[in-house]
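Engineer: What follows is a protein structure lacking sequence information:
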């Protein structure tokens, strides 16, 4: 460090502490586990420089400096290997993000991870935020996936003692706008089912109507409903066993009074072999879209039918905890309350107005 170029030179001013003559900035030079570390302390204040030197020594003693020489590209590949157990679609998304890291990393993907600064991470995210997706710039939801990826990647480096602290620990997810979720009213739902059943030239009309009606009457999602078999239905106990696909957890729902007639009807149309699927098709997107167009309604989705069920349950005065249990949630109704509490207030206001109308 005692170089003597024409700009300035390093002067030793204390143990492991140097000062650059041209700008008076202090630098550290120390050996940790036989490895030499040189680092700017980014200050011209000697007292602060000593404090930073002590902190740097403490941090460096926690890491394996040979691993700290790993490049961003190498860390990315190492992290990807830990993601191989995830769903194929998720793995594909992470591979895409890894590709963008190698392509767009501000100081090149061959930068050593011990030299990565928080500004490098935020600069890379800024580039991603402006990168066009299918429908323009990346959405905040997609950008949050990118943030989660690099946070987890550098946290792995900390856990594995490659670096002392993560340059991404200060990154915060972008707040998403509250989406407008179209939900059919109960009357609209019944009209949709009737409209689908009334299509004489559609060979799948009855199966599609059964599928749509089952979703709206049971409150189940497409994945859960389509995987149900007759062995999951216990008429004696009045229960249906369900596997929540998203979390791979099992739960039960009642055979609701409004659902039982449909189940009995489906029972008569099918062999009751335990492995027989209750519903003959796996989705009814096309039929649902067609009915909505014919009725002049918004193009409701399968998920909208689930919201229709929840909305009706809330308006009937059923508590959030019970509704959450019917959805396979394990949070005691927190999510349902946060999403649908406004309906409880609106319904209460409507009931209050009826008191005035009764006079």
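Structural biologist: Here it is on my side, so go on. Not measured: the values here are computed from a predicted model. Residues are numbered from 1 along each chain as shown.

Engineer: name the element the most centrally placed residue in the chain belongs to?
Structural biologist: In the chain, the C-alpha nearest the mean C-alpha coordinate belongs to residue 145, at 6.9 Å (Cα atoms, centre = their mean). Using DSSP states H and E, residue 145 sits in helix 140-159.

Engineer: which other residues reach that helix?
Structural biologist: 70, 75-76, 78-79, 82, 93-94, 97-98, 100-101, 113, 116, 121, 124-125, 128-129, 133, 138, 163-169, 171-177 (Cβ atoms under 8 Å, 6 or more residues apart in numbering). Yep, even glycine has a C-beta here, placed from its N, CA and C like the rest.

Engineer: ditto for stretch 242-251
Structural biologist: The contact list for stretch 242-251 (Cβ under 8 Å, 6+ apart) reads 220-221, 223-224, 227-228, 232, 241, 252-253, 325, 328, 330.

Engineer: Could I get the buried residue list for that stretch?
Structural biologist: Going by neighbour count (16 or more other Cβ atoms under 10 Å), the buried part of stretch 242-251 is 242, 244, 251.

Engineer: where's the second one relative to residue 329, distance?
Structural biologist: What that stands for is residue 244. Spatial separation of residue 244 from residue 329 under the definition Cβ to Cβ, to the nearest Å is 9 Å.

Engineer: what does the first one give?
Structural biologist: Spatial separation of residue 242 from residue 329 under the definition Cβ to Cβ is 12 Å.

Engineer: Quick one: mean pLDDT for the helix holding residue 145?
Structural biologist: Average pLDDT, helix 140-159: 90.

Engineer: Now the element after it, going C-ward?
Structural biologist: Next along from helix 140-159, by DSSP H and E: helix 186-197.

Engineer: for residue 26, what are its contacts?
Structural biologist: Contacts for residue 26 (Cβ under 8 Å, 6+ apart) come out as 13, 17-20, 40-41, 43-44, 46, 49, 52-53.

Engineer: I'd like to know which of the residues you listed is nearest to residue 216.
Structural biologist: Residue 216 lies nearest to residue 52 out of the contacts of residue 26, by Cβ to Cβ, at 62.8 Å.

Engineer: contacting residues around that closest one?
Structural biologist: Counted by Cβ under 8 Å, 6+ apart, residue 52 has contacts 26, 28, 41-43.

Engineer: are any of these buried, and which?
Structural biologist: Here, 16+ other Cβ under 10 Å leaves 26, 28, 41 buried among the contacts of residue 52.

Engineer: can you pull the buried residues of the strand or helix carrying the second one?
Structural biologist: Residue 28 is located in strand 26-32, with elements delineated by DSSP H and E. The neighbour-count check on strand 26-32 (16+ other Cβ under 10 Å) flags 26-30, 32 as buried.

Engineer: can you check stretch 144-162 too?
Structural biologist: Using 16+ other Cβ under 10 Å as the test for burial, stretch 144-162 gives 144-147, 149-151, 153-155, 157-158, 162.

Engineer: swap in stretch 62-76?
Structural biologist: Going by neighbour count (16+ other Cβ under 10 Å), the buried part of stretch 62-76 is 63, 65, 67-68, 70-73, 75-76.

Engineer: Of the residues you listed, which is the nearest to residue 335?
Structural biologist: Set against residue 335, the nearest of those by Cβ to Cβ is residue 76 (33.3 Å).

Engineer: got the contact list for the closest one?
Structural biologist: Applying Cβ under 8 Å, 6+ apart, the residues near residue 76 are 98, 101-102, 109, 153.

Engineer: 10 Å - rerun?
Structural biologist: With contact taken as Cβ atoms under 10 Å, 6 or more residues apart in numbering, residue 76 is in contact with 94-95, 97-102, 105, 109, 113, 149-150, 153.

Engineer: filter those residues to the buried ones?
Structural biologist: Neighbour-count burial (16+ other Cβ under 10 Å) applied to the contacts of residue 76 gives 94, 97-98, 100-101, 105, 109, 113, 149-150, 153.

Engineer: Give me the buried positions along stretch 305-324.
Structural biologist: Across stretch 305-324, burial judged by 16+ other Cβ under 10 Å covers 305-315, 320, 323-324.

Engineer: and which of these is nearest to residue 9?
Structural biologist: Residue 9 lies nearest to residue 324 out of those, by Cβ to Cβ, at 68.6 Å.

Engineer: Which element, helix or strand, includes that closest one?
Structural biologist: Using DSSP H and E, residue 324 sits in helix 320-326.

Engineer: what's that helix in contact with?
Structural biologist: 218-220, 242, 251-254, 256, 309-310, 313-314, 316, 318-319, 329-341, 344.

Engineer: Going by residue numbers, what spans are helices in this structure?
Structural biologist: 46-60, 65-68, 72-81, 88-104, 118-130, 140-159, 186-197, 205-218, 222-226, 260-269, 285-295, 302-315, 320-326, 334-357 (DSSP state H).

Engineer: Perfect, that will be all.
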